[in-house]
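Asks: Predicted model and sequence below, questions to follow.
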Amino acid sequence: MISTALYKKEAKSSLLLWLIIAAVNTLYFAIIVWMFDPELGSALKTFEEAMPDLMAMFGMVPAGENLTQFMGAYLYGMIMQVFPLLFTIIVANRLIAKHVDSGSMAYLLAAPISRAKLARTQLAVLLSGLILMIIYSSGLGILLAEMMFPGELDIVGFLLLNLGCLCLHICIVGISFLSSCAANESKRSLAFGAGIPVLAYVLQMLSTQGEAAANLKYATFFTLFDISGLIKAEATALLHAGALFIVGALLCGIAILVFKRKDLHI
C-alpha cells in the first residue's frame, strides 16, 4: 500500500513542525484550563453579552458555564482550527508540489515505486501527523482537566468534539493535498491549498459579525464544524462532521488519481 522507507523519511522531515505545534498547543491548553473557574460562569456570560463582536472576531462560541463548553469555546473556536490548518498547508505542499518544483520528484520516482504508491505514502504521512495531533490534544485536554478540575469535564462530549475537529481537518487535507498533487509549482499549490482553507476560515469569522454578514456562513465549510452541537452529541452536528469527512476522503482519492495521470515536467 505504501513505501515504508519513504514514509519514515518524510515523517521525520515533518517531525519538527509537529513538535512545535504540539508545544504551542500544550501551552494554550494549560493556560485555558487553568483560567477556568466555575464561579465565573455568570461573569463570562455578561462579558459575552456586552461584547459579542469581539468574541466572534476570534471565532469563539459562547463559553457556557461548564468546563467542556469553556474549552470548546476558547480552544476549538480558534486554536484547534488554526494550528492543525497550518500544519496541513505546510506539509501537504512540501510532500508533493515542492518535490516537483525543485526537481527532486525525479529521484523519488526513480525508485521502484509507482506514482499511486508514492502519493498514498505522502498522504499517509500527512494524515498520520494530523491524527496524532488530534489524539495528543484530546489526551492533553482530558489530563489537564482531570488534574485541575476532577470530574468537571464531559469526556464523551469532549471526545466527540475532537472527532468533529478531525473530520474538519481531513476535509482541509483533501483540499491541500489535491492542490499539491495537481500543481507543478509550489506557489500554485499554496495559492489553492492554502488560499481556499484560509478564505473559508475568514468567511466563517466574518459571518459572525452581525446580521449583514450572516449569510457568509453558507459559503464556508467551517460552518459544518458545530462546537456546541458536537459537545451535546446532536445528530445534526455529527452528520455535518461526517459530511466533512466524506468530502475530505473523496478529495484525497481524487488527488491520488490526478497525480497518477498528470504530466510531470521534471
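Replies: Happy to help now that I have it.

Asks: Tell me the secondary structure at Pro150.
Replies: The local conformation at Pro150, judged by DSSP: H, G, I helix; E, B strand; the rest coil, is coil.

Asks: residue contacts, Leu161?
Replies: In this structure, Leu161 makes contact with Thr68, Gly72, Tyr76, Ile227, Leu230, Ile231, judged by C-beta atoms under 8 Å, 6 or more residues apart in numbering. The way it works is simple: take the backbone N, C-alpha and C, and place the C-beta from them, glycine included.

Asks: Save those as JSON lines, and put in neighbour count too.
Replies: Shown next, in JSON lines, are the contacts of Leu161 (neighbours: other C-beta atoms under 10 Å):
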{"residue": "Thr68", "neighbour count": "21"}
{"residue": "Gly72", "neighbour count": "27"}
{"residue": "Tyr76", "neighbour count": "25"}
{"residue": "Ile227", "neighbour count": "24"}
{"residue": "Leu230", "neighbour count": "25"}
{"residue": "Ile231", "neighbour count": "26"}
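
Asks: ok, and what's touching stretch 109-123?
Replies: Outside stretch 109-123, the residues that touch it by C-beta under 8 Å, 6+ apart are 1-3, 6-7, 10, 95-96, 108, 173, 177, 181, 252, 255-256, 259-260, 264, 266.

Asks: if we go to 10 Å?
Replies: Judged by C-beta atoms under 10 Å, 6 or more residues apart in numbering, the contacts made with stretch 109-123 from elsewhere in the structure are 1-11, 91-92, 94-96, 99, 105, 108, 173-174, 177, 180-181, 252-253, 255-262, 264, 266.

Asks: can you check stretch 246-262 too?
Replies: By C-beta under 10 Å, 6+ apart, the surrounding residues in contact with stretch 246-262 are 92, 96, 100, 105, 114-120, 122-123, 126-127, 166-184, 221, 224.

Asks: Show me which residues of it are buried.
Replies: By neighbour count with 16 or more other C-beta atoms under 10 Å, stretch 246-262 contains the buried residues Val247, Gly248, Leu251, Cys252, Ala255, Ile256, Val258, Phe259.
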